[in-house]
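Enquirer: The following block contains a protein sequence and its predicted model.
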Amino acid sequence: MGNKRIEYIIDEILDQYIFADNTKRPWIIGFSGGKDSTVMLQLVWKALEKAKHFHGFVARDVYVVSNDTMIENPIIADYVSKVLNKIEQAAVEQDMPIRVIRTIPRLEDSLWVNMIGKGYPAPNNAFRWCTERLKIKPTARFITEKVDAFGEAIILIGTRYSESANRARTMNKHAIKGKRLTKHPTQLNTWMYAPIRHLMLEEIWYVINSMPSPWGANNKELFQIYANASADDYECPVVVTDTSHTSCGQSRFGCWLCTVVKEDKSMAALINNGFEWQKPLLAYRDWIVAERNNINNRMTTRRNGTKAINDMGSYTPAYRALMLEKLMETQKEIQKKHPSTQLITNQELIAIQTIWYRDFIFDYKVSEIYHKIYKTDFNMKESNEKIQKESDMLKDACEKNPTNYDLIQELLTLQKSKSLLNRKRGLKTDIETRIENYINKEKNAD
């Protein structure tokens, strides 16, 4: 281990960048801000510096793609945001062909829109619907754009054989003997390259603790985050240079609401190491897990109307509203120490309300829940004079039968919800169903 091994990897990256591939296929680096992706980007950066020194130019574009699931742990989210800003600035100053791309899930794919809006049960190992929507699809869309533009693309991944036996088996399955690049298993015209595949965990920490960050970040901050999130009894060594040392690098960071794991050891360790302000996050996450299979929280049907197995269908409207209320309470509590932290966006709140309207849920209002927690109004509608004038005209036209006004408003809301979520499919059926319900209600009233 040591400088020679690291230099060999840098030279391999340089060879792949300049000599082994004479195409202009862009490189795409998945950057989470964690230890492995940080080391990989550092070594790629060093290879590009060598390319500039020996050849005077670097032609191939390198995209650093960072995906925000919108439910990242606030500590990690803040750190990654700072690092990405430094990478952007340093790339410009050093004239590097590196571009930072930030991706997020589409509104209709966000966790809260699906759980609180549509009533999807919290993800677990049997129904892990979150991974594709929050992580895979946002990055895949960017990759597809680049493949369409260049014909092919190469994705640099920070996976290592020593991470786990499962990871090693997966890498060996796709490896091509004598080749650095392997075909992507699902993405067309896309190749994968794992430059740090042979590095051990101790070597990862060696790079982080001994090599200055090319973009000027403080790697000690990253090391300390892992140290604080470690649930082990030992302290992380300052510089790992001996295989007898066990590093704090086994800590795993994911979504703060991850309900797939039995317990969030990293967040619990952060709380035990002084970040007590995260207690409300862990409490909310544990409550969601505990209530997931409570039959009182579930409807007997799925979202498509079919009978659910064991009557464990979508979340009931009452439980969806309760989830939102407790989430808003958690956000308010977190904001006492971190005012800028937003657990759910305004766009998600509006989308949740529109979905509730589509599901004919009119007993619960997002604005009322928001007001209950924050004691301030959350305006769900445009407040310009034109909208108000149209509303007044509609009221006048329906003066003799006020229920017609309510019906028309609901139909308009259904149409707006489809536009907001980019999905007009099913609009005709939704409108016909609402009109039919209205007619039946009027007949029964007579």
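Expert: That came through, no problem. Residues are numbered from 1 along each chain as shown.

Enquirer: Give me the neighbour count for Ile435.
Expert: For Ile435, the neighbour count with other Cβ atoms under 10 Å is 13. (Glycine included, C-beta is placed from N, CA and C.)

Enquirer: make that Thr23, sorry
Expert: Neighbours around Thr23, by other Cβ under 10 Å: 10.

Enquirer: Without its sequence neighbours, what residue ends up closest to it?
Expert: Distances taken as Cβ to Cβ, 6 or more residues apart in numbering put Glu152 closest to Thr23, at 7.3 Å, once the chain neighbours are dropped.

Enquirer: For the one you found, give me its contacts.
Expert: Glu152 makes contacts with 23, 25, 189-191, as judged by Cβ atoms under 8 Å, 6 or more residues apart in numbering.

Enquirer: And those residues, which is the shakiest by pLDDT?
Expert: When these are sorted by pLDDT, the bottom entry is Thr23 at 86.

Enquirer: all strands of the stretch 1-150 of the chain, in order?
Expert: Along the stretch 1-150 of the chain, counting by DSSP state E, counting those that start in this stretch, strands occupy 27-30, 62-67, 98-103.

Enquirer: now, of these, which is deepest in the fold?
Expert: Sort those by mean neighbour count, taking mean count of other Cβ atoms under 10 Å, and strand 27-30 sits at the top with a mean of 23.

Enquirer: which other helices and strands contact that strand?
Expert: Strand 27-30 makes packing contacts with helix 35-55, strand 62-67, helix 137-150, strand 153-156 when contacts are defined by 3 or more Cβ pairs under 8 Å, 6 or more residues apart in numbering; DSSP states H and E.

Enquirer: Pick the most buried one from these.
Expert: Most buried of the helices and strands packed on strand 27-30 by mean neighbour count (mean count of other Cβ under 10 Å) is strand 153-156; its value is a mean of 24.

Enquirer: what mean pLDDT would you report for that strand?
Expert: For strand 153-156, mean pLDDT is 96.

Enquirer: any residues touching that strand, and which ones?
Expert: With Cβ under 8 Å, 6+ apart as the test, strand 153-156 has contacts from 21, 25-30, 40, 44, 143, 146-147, 181, 184, 187, 189-195.

Enquirer: Tell me how the protein divides into domains.
Expert: The chain breaks down into these domains under automatic domain parsing: 3-218, 293-374, 385-445.

Enquirer: Enumerate every residue touching the residue nearest in space to the middle of the chain.
Expert: The chain has Thr69 as the residue nearest its centroid, 1.0 Å off, counting by Cα atoms, centre = their mean. Going by Cβ under 8 Å, 6+ apart, Thr69 touches 104-105, 111, 134-135, 255.

Enquirer: and if you look at Ile344?
Expert: Neighbouring residues of Ile344 by Cβ under 8 Å, 6+ apart: 112, 327-328, 331.

Enquirer: List the buried residues in stretch 340-347.
Expert: Using 16 or more other Cβ atoms under 10 Å as the test for burial, stretch 340-347 gives 343-344.

Enquirer: so how far does that stretch reach from one end to the other?
Expert: End-to-end distance for stretch 340-347, by Cα to Cα, to the nearest Å: 16 Å.

Enquirer: can you put the domains of the chain in a markdown table and add distance to Thr259?
Expert: Converted to a markdown table, the domains of the chain look like this (distance: least, Cβ to Cβ, whole Å):
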| stretch | distance to Thr259 |
| --- | --- |
| domain 3-218 | 4 |
| domain 293-374 | 11 |
| domain 385-445 | 24 |
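
Enquirer: Lowest average pLDDT across these?
Expert: When the domains of the chain are compared on mean pLDDT, domain 385-445 scores lowest, with a mean of 62.

Enquirer: still on that earlier bit, which one of the contacts of Ile344 is nearest to Lys279?
Expert: Gln331 (13.7 Å; Cβ to Cβ).

Enquirer: Can you name the element that comes right after the strand or helix carrying Trp205?
Expert: Remark: Trp205 resides in helix 201-210, with elements defined by DSSP states H and E. Next helix or strand after helix 201-210 toward the C-terminus (DSSP H and E): helix 219-228.

Enquirer: And that following helix, how far out from the chain middle?
Expert: Centroid displacement of helix 219-228 relative to its chain, using Cα atoms, centre = their mean, to the nearest Å, is 22 Å.

Enquirer: buried residues in that helix?
Expert: Buried, per 16+ other Cβ under 10 Å, within helix 219-228: 219, 222-223, 225-228.

Enquirer: my guess is Tyr370 contacts Leu349, does it?
Expert: Yes. Using Cβ atoms under 8 Å, Tyr370 is in contact with Leu349, at 7.0 Å.

Enquirer: Report the set of residues contacting both of those two.
Expert: Joint contacts of Tyr370 and Leu349 (Cβ under 8 Å, 6+ apart) are Phe378.

Enquirer: And for Asp15, the neighbour number?
Expert: Using other Cβ under 10 Å, Asp15 has 13 neighbouring residues.

Enquirer: now do the one 3 residues further on
Expert: Counted with other Cβ under 10 Å, residues neighbouring Ile18 total 18.

Enquirer: what's the answer for Arg128, then?
Expert: Residues near Arg128, counting by other Cβ under 10 Å, number 11.
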